[in-house]
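Trainee: this is a predicted model, with the sequence first.
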Amino acid sequence: MSFGNDLRTLRAARNLTQAQLAEKALTSRVFISYLETGKLLPSPDLKRRLREALRWGIYEDRAFEILEKEPTKREAESTRSQTR
């Protein structure tokens, strides 16, 4: 599972639409969609707002732990270019 999949699963479990979550987390519906599809990663501030909006408990922290271990897109591209 990825952060985006976990976010989507938890949002659905809370019966929230992307628009509703975006409103609660003070971001846009499009940004929530990008997070769920893995196109973007949230900033530390947005991670905090998502936790609050979803009432994210200790048992759901796995997604954030995974996210913090994932390299940024720039880091991943740098690693790939170094191995060529």
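Mentor: Happy to help now that I have it.
Trainee: mind listing the helices for the protein?
Mentor: For the chain, the helices defined by DSSP state H occupy 3-13, 18-24, 29-37, 44-54, 62-69, 73-82.
Trainee: for the fifth one, what does the pLDDT average out to?
Mentor: It refers to helix 62-69. Taken as a whole, helix 62-69 has a mean pLDDT of 54.
Trainee: by mean pLDDT, show me the worst of the helices of the chain.
Mentor: helix 73-82 has the lowest average pLDDT among these, namely a mean of 50.
Trainee: so who does the residue lying closest to L50 once chain neighbours are set aside touch?
Mentor: Spatial nearest neighbour of L50, chain neighbours left out: A25 (5.2 Å); criterion: C-beta to C-beta, 6 or more residues apart in numbering. All C-beta spots, glycine's among them, are computed from the backbone N, C-alpha and C. Applying C-beta atoms under 8 Å, 6 or more residues apart in numbering to A25 gives the contacts 32, 46, 49-50, 52-53.
Trainee: quick one: contacts for the nearest residue to K24 once chain neighbours are set aside?
Mentor: Leaving out its chain neighbours, the residue that sits closest to K24 by C-beta to C-beta, 6+ apart is A53, at 3.6 Å. Shown in contact with A53 (C-beta under 8 Å, 6+ apart): 21, 24-25.
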